[in-house]
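I'll drop the sequence and a predicted model, then ask my questions.
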Amino acid sequence: MAKYSYEFKRKIVEEYLGRKAGYKTLAMKYQIDHSQIRRWVNNYKQFGDEGLMRSRNNRAYSVEFKLEAITRYETSECSYQQLALELGLTNPSMIVNWR
């Protein structure tokens with residue numbers, strides 16, 4: 001997976017939030033999948049600038065936390081993205097991997 005700078009992600013998020021373009025238009029403009037842009041926008045809305053910054057430390061999650069995440073996903077109607085935001089995670093694919 002490509003790593004993008006904070007500045008680049010912030011620029012795209014600002015374009016979206018400033019209503020200059022939608023997800024698909026930005027995806028075509030920057031050659032990035034529109035779901036990635038949606039993830040950045042959601043992370044920014046939930047966590048602010050922190051949501052766009054790369055984590056420099058690998059955080060360890062307990063087995064109990066992972067099981068709770070999986071259980072909540074399987075017993076609710078929410079998406080991986082929604083659940084990740086609720087749990088304070090910026091990367092919903094972690095839940096996918098745990099599952």
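Thanks, I have it.

Ser55: what's it in contact with?
If you count contacts by Cβ atoms under 8 Å, 6 or more residues apart in numbering, Ser55 has them with Thr90. (Each C-beta comes from the backbone N, C-alpha and C, glycine too.)

Arg19 versus that one, what's the distance?
29 Å (Cβ to Cβ, to the nearest Å).

can you check Val96 too?
Taking Cβ to Cβ, one finds Val96 at 31 Å from Arg19.

same check, this time on Glu68
Taking Cβ to Cβ, one finds Glu68 at 37 Å from Arg19.

More neighbours: which of those two?
Glu68 (13 against 7; other Cβ atoms under 10 Å).

any idea which element the more buried one lies in?
helix 63-75 (DSSP states H and E).

Would you point out which residue is most central in this protein?
Residue closest to the average C-alpha location in the chain (Cα atoms, centre = their mean): Arg39, at 3.7 Å.

Can you tell me the element it falls in?
Per DSSP H and E: helix 34-47 holds Arg39.

Surely the residue nearest to the centre of the chain is in contact with Gln81?
Yes - here Arg39 lies in contact with Gln81, judged by Cβ atoms under 8 Å, at a distance of 6.5 Å.

got any residues that touch both of these two?
With Cβ under 8 Å, 6+ apart, Arg39 and Gln81 have common neighbours Pro92.

tell me the SS of Arg19?
Assigned with DSSP: H, G, I helix; E, B strand; the rest coil, Arg19 falls in the coil class.
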